[in-house]
Structures are given as structure tokens and as C-alpha cells.
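A.B. asks: Requesting a structural model of the entry that follows:
(2 chains)
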Amino acid sequence: MKHTLKYTFSICLLLSMFLVNAQDSTATKKIVQEKSKAATKPVIQEAKTDTVVPPKTNRYGLRVGVDLYKLTRGLYDKDYKGIEIVGDFRLTKKYYIAAELGFEDKTTDDDRLNSTATGTYIKGGFDYNLYQNWLDMENIISIGLRGGFSTFSQQLNSYKIYNANPYWGEEPAIAAGQKFDGLTAGWLEVTAGLKAKVFNNVFVGFSVQLKLLVANKTPDGFDNLYIPGFNRTYDGNFGIGFNYTVSYFIPLYKKKVIIPEIQKSSPKK
Amino acid sequence: MKKIISFLLLFAFGLSGCEKDDICDANTPTTPRLIISFYDINNPTVKKKVTRLKVIGDGQTEGIVFNKSALDDEKYITSGDSIGIPLKTDEDTVTYSFILNSDNTNADLVNTDKLKFNYTRQNVYVSRACGFKTIFKLDTQTPYEQTDPTSDGLWMQNIAPINLNIEYEDETHIKVYF
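C.D. replies: Residues are numbered from 1 along each chain as shown, chains lettered A, B, ... in the order given. Next up is the predicted model:
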């Protein structure tokens, strides 16, 4: 089941990249078209002066939101409590500084172990918007990088002894109640997501994350089975995650879109 | 852009290469058995095979299974030169009857020795899939107590605990000379 989930995520990610590719190719086509138009220079200049379109502007500002998945999960999953605040700030036309701040309290019930991880985390990095918006659309299909850090504690609630030769019978789970404090972990993650403007300044979005654990302070005589923000740990250093956000965009200033800029950037492709 | 995509692809495939970790691998060292090796009393460096040995724990009706593939009573019987016996993970002592020539029709040849092992236990974390294991340490003063319940003489002439720490199954913990 968990592996199915993992593969689904991988496939989703792959698919999302094809989506990204498709977008990209249309974008380049558009640029090519514009380029060919530019070849017949006088015409385009005339056209420009003819249609006095209000100049296209990009809005810059801060977007803050909350992860609905984490928030609502607490309602139906008694083993989970969590919240994640997301925020991003538009830096340039395509780049956004992004950060997530969260708290999680999760009880993991494995076959032989039952443990609870509680802690806070912060993730910071950037998003790169791959989506070429038309007119005043402000949708985002992005990929991004984050660095994450979590400080948390773990409690071992109960465990079972693994005995390959249960001649004396299988022992029931042993209650432990041992608490391990002061644990930390750091990781890198690649995130792919989209945000769509639903009305006014309200956006809904989701993203998937692939994570790579780089630092992990494990307790003596136990392991970090769940790290807030990183989620479940596996044998290797990998992790996965996703969020579903609703956010509000606070516009701070506007910038006019200067068309020659597109032409300048086009030879780079 | 292309670079980022190829990096993402690499990442995605890297993830699919992860090992399955929710089933406890049989090769993982978990709760060890006490390993007893048999040696020739007349030639202490040479291992000696027991004949038709059956080992039954106190209070149990069936013996320890030595040969899973054998049929019926045959699976409780060994004629090898070493055996592994499970210790109790919820008590600090365990008692076993070691019956030599267990299924011999000649009652005079059947010889039973009883051994009680004294030890301390420690539960150690293994992994998410395996949970914990118990490791044992035989008591330094009286690691074992030997009795002869059937008064047919002791067939174990010398018992030498050589490794009090029972953590792995790939080493002998007790040498028995007969």
C-alpha cells in the first residue's frame, strides 16, 4: 500500500513534468512567432501604436495560506494533529521566495512499534514558475527547491520483541513510554506544484515533494520513524510529501511588462 | 530548465530504487538462540555428533523443532554437532530436558539431563519492520544448573560456557563435552 502510494507519487511527478514540458514548448512557439513578427519590424511597431492596449502589468506581493490537508486530517485521524502555514513572495517575474512553517503530532502504528513524533519545522527556498500566463492571469506551475529543518521529540509507546523461534509463544506488545527529546533533522526537497487563482486574490494549489534527508539526529536505542515536515522515514534517505493549500495574495506593488524583454531572453533557449 | 527536469527525473527514479522496509528480513539478527556445540570428551578439540537428541522445554509438550522439513516426530530430533535453543524473552530462567537416544526402543540407552539457564535480558531496537530484539547475558556465577531427573547418570560430562553474551547465533555460547 505504502509502495503503491510511493509509485503514484513518482508517476504524478513524472506526469506533472510532461505537463511542464508541454507548457514550455507552447511558450517557445509563442516566442518564435513573436520573433518572426519582429523580423518585419515596421509592421509590429505600427500594430503597437494602433491598438492602445493598457500595458500588461505583473502584480508583486506576498501570498500566505494554509495546508488544508494537514488541517482537516486531524478531524478524521485521531493519531494526527498538524498545521502548515505556507507563504511566498514574488521576487522577479518567475522566481518566488517560498517558505513553510508547520507543527505536527503524529502517532505511527507499525506492526511491531507504536511511536509518537511531535515537533515543529521550517522549510525555506524558492519556486520557479514555468507557466506562461496570458493577459492578467496569475496561475503558477512551479518547481522549486527547499531546505527543511525540524526540531522534535519522539515517544516510544509500545513495542514487540521479534523472535524468529517462538517456542515459548509470541509475547504481547510491551508498553514503554520512553521519551526522546531534543531530536533534530535537516533535509532537502524538490517540489513540484501548481496554484490557480480561483477568485480575486484567493488561490488554491497543491504540490508534491521529494525529500532527501541530509542530517538526522537519532536517539540512542531508537530511530526517527517520523520527522515532522519530512514525514515517514524509509531505510534510505528518501521521503515524500504533499500539500493542498488555500492562500491569499496580498498585492504590494506592480511592474509593467516590457515586451522587448521577452525577445532578449528568447535567444537563450 | 532542462537541467532541473533531468535532476527531477533522477530523483524520481532514485526513489523507486528504495528497498522495501516493512517486512523483517530473515537475515537481520534478531532475538538470538543459545548455541550449544558438542565436543568429544576424549578429544576436546573435536566436535562430536549427538545421537537422536530431543530437547523439550519444561512445561512444553513438544520438543524444539530442529528439522522443519522432516515429518512427524522426526522434526524434533537432531543428530548434529550443535543446536540452538530459544530462551524465554519474558523470564530470566529457562529449563530444558536434553534427551539422548530419545526414540531408542532400548530404555537403558535413553538418557535425560536437565539444564536450567540463568541470565539477564535486554531489549534492543532493531528496525521499524523487526521492532525490538532481546539479547541475553548468562549469569556469571551460575550460568547453568545441571540435574538428572531420571537418575540415569549425566551424559553431559563437562559443560563449559565460553561466551556469556548471547547476541548473535553465529558463535558458540556453551560447549558440552560427552
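A.B. asks: quick one: contacts for the closest residue to B:Lys47 other than its chain neighbours?
C.D. replies: In space, and not counting its chain neighbours, B:Lys47 is closest to B:Asp81: 4.3 Å by Cβ to Cβ, 6 or more residues apart in numbering or on different chains. No exception for glycine: its C-beta is placed from N, CA and C like everyone else's. Residues in contact with B:Asp81, defined by Cβ atoms under 8 Å, 6 or more residues apart in numbering or on different chains, are B:37-38, B:47-50.
A.B. asks: Go again with 6 Å.
C.D. replies: By Cβ atoms under 6 Å, 6 or more residues apart in numbering or on different chains, the contact set of B:Asp81 is B:38, B:47, B:49.
A.B. asks: Specify which member of the residues you listed is nearest to chain A.
C.D. replies: Closest to chain A out of the contacts of B:Asp81 is B:Phe38 (19.5 Å), distances taken as Cβ to the nearest Cβ.
A.B. asks: pretty sure that closest one is in a strand, no?
C.D. replies: Yes - under DSSP: H, G, I helix; E, B strand; the rest coil, B:Phe38 falls within a strand.
A.B. asks: is it true that it touches B:Val176?
C.D. replies: Yes - B:Phe38 is within contact range of B:Val176, at 5.2 Å (criterion: Cβ atoms under 6 Å).
A.B. asks: right, and the helix or strand after the strand ranked longest in chain B?
C.D. replies: If you go by DSSP state E, chain B has its longest strand at strand B:111-127. Once the chain leaves strand B:111-127, the next helix or strand it forms, by DSSP states H and E, is strand B:131-138.
A.B. asks: residues contacting the residue of the stretch 101-250 of chain A found nearest chain B?
C.D. replies: Closest residue of the stretch 101-250 of chain A to chain B, Cβ to the nearest Cβ: A:Arg112 (2.8 Å). Neighbouring residues of A:Arg112 by Cβ under 6 Å, 6+ apart: A:160, B:131.
A.B. asks: ok, back up a step: got the phi and psi for the residue nearest to B:Lys47?
C.D. replies: Backbone torsions for B:Asp81, taken as degrees, to the nearest 10, come to phi -110, psi 0.
A.B. asks: quick revisit: filter the contacts of B:Asp81 down to the buried ones and hand me the ChimeraX line.
C.D. replies: Buried residues within the contacts of B:Asp81, by 16 or more other Cβ atoms under 10 Å in any protein chain shown, are selected in ChimeraX with:
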select /B:38
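A.B. asks: Just send the contacts of B:Asp81 back as CSV, with pLDDT too.
C.D. replies: Below are these laid out as CSV (pLDDT from 0 to 100):
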residue, pLDDT
B:Phe38, 93
B:Lys47, 92
B:Lys49, 92
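A.B. asks: Now flag whichever of the contacts of B:Asp81 is closest to A:Thr191.
C.D. replies: Nearest to A:Thr191, judged by Cβ to Cβ, of the contacts of B:Asp81 is B:Lys47 at 61.1 Å.
A.B. asks: Please report how far the residue in chain B that chain A sits nearest to lies from B:Lys88.
C.D. replies: Taking Cβ to the nearest Cβ, chain A has its nearest neighbour within chain B at B:Gly131, 2.8 Å off. Distance from B:Gly131 to B:Lys88, counting by Cβ to Cβ, to the nearest Å: 18 Å.
A.B. asks: Among the two, which residue is more densely surrounded?
C.D. replies: Taking neighbours as other Cβ atoms under 10 Å in any protein chain shown, B:Gly131 and B:Lys88 compare with B:Gly131 leading, 24 against 20.
A.B. asks: That one: what's its closest spatial neighbour, skipping adjacent residues?
C.D. replies: Nearest to B:Gly131 is A:Arg112, by Cβ to Cβ, 6+ apart, at 2.8 Å.
A.B. asks: just the contacts of B:Asp81 now: which is nearest A:Gly125?
C.D. replies: Using Cβ to Cβ, B:Lys47 comes nearest to A:Gly125 of the contacts of B:Asp81, at 63.0 Å.
A.B. asks: Relative to B:Glu169, how far out is the closest one?
C.D. replies: Going from B:Lys47 to B:Glu169 by Cβ to Cβ gives 17 Å.
A.B. asks: go on, A:Asn139?
C.D. replies: 61 Å.
A.B. asks: what does A:Leu212 give?
C.D. replies: From A:Leu212 over to B:Glu169 the distance is 36 Å, taken as Cβ to Cβ.
A.B. asks: tell me which strands and helices the helix or strand containing A:Leu156 is in contact with?
C.D. replies: A:Leu156 is part of strand A:140-159 when elements are defined by DSSP H and E. With contacts defined as 3 or more Cβ pairs under 6 Å, 6 or more residues apart in numbering or on different chains; DSSP states H and E, the secondary structure elements packing on strand A:140-159 are strand A:113-129, strand A:174-199.
A.B. asks: What strands line up against the helix or strand following the last one, and which way round?
C.D. replies: Sequence order places strand A:202-216 as the next helix or strand after strand A:174-199, per DSSP H and E. Sheet pairing of strand A:202-216 (DSSP bridges) gives strand A:174-199 (antiparallel), strand A:238-256 (antiparallel).
A.B. asks: buried sites along strand A:202-216?
C.D. replies: Here strand A:202-216 shows A:203, A:205-213, A:216 as buried, counting by 16+ other Cβ under 10 Å.
A.B. asks: C-alpha coordinates for that strand, PDB please?
C.D. replies: Extracted C-alpha coordinates of strand A:202-216, given in PDB (Å, rounded to 0.1, in the frame of the first residue of the first chain):
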ATOM      1  CA  VAL A 202      -7.600  33.600  -3.500                       C
ATOM      2  CA  PHE A 203      -5.500  30.700  -4.800                       C
ATOM      3  CA  VAL A 204      -5.800  27.000  -4.400                       C
ATOM      4  CA  GLY A 205      -2.900  24.800  -5.100                       C
ATOM      5  CA  PHE A 206      -1.200  21.500  -4.400                       C
ATOM      6  CA  SER A 207       2.300  20.300  -4.500                       C
ATOM      7  CA  VAL A 208       4.200  17.100  -4.300                       C
ATOM      8  CA  GLN A 209       7.600  16.900  -2.700                       C
ATOM      9  CA  LEU A 210      10.500  14.500  -2.900                       C
ATOM     10  CA  LYS A 211      12.800  14.800   0.100                       C
ATOM     11  CA  LEU A 212      16.400  13.800   0.800                       C
ATOM     12  CA  LEU A 213      17.400  13.500   4.400                       C
ATOM     13  CA  VAL A 214      20.800  15.100   5.000                       C
ATOM     14  CA  ALA A 215      21.100  15.300   8.700                       C
ATOM     15  CA  ASN A 216      19.300  13.100  11.200                       C
END
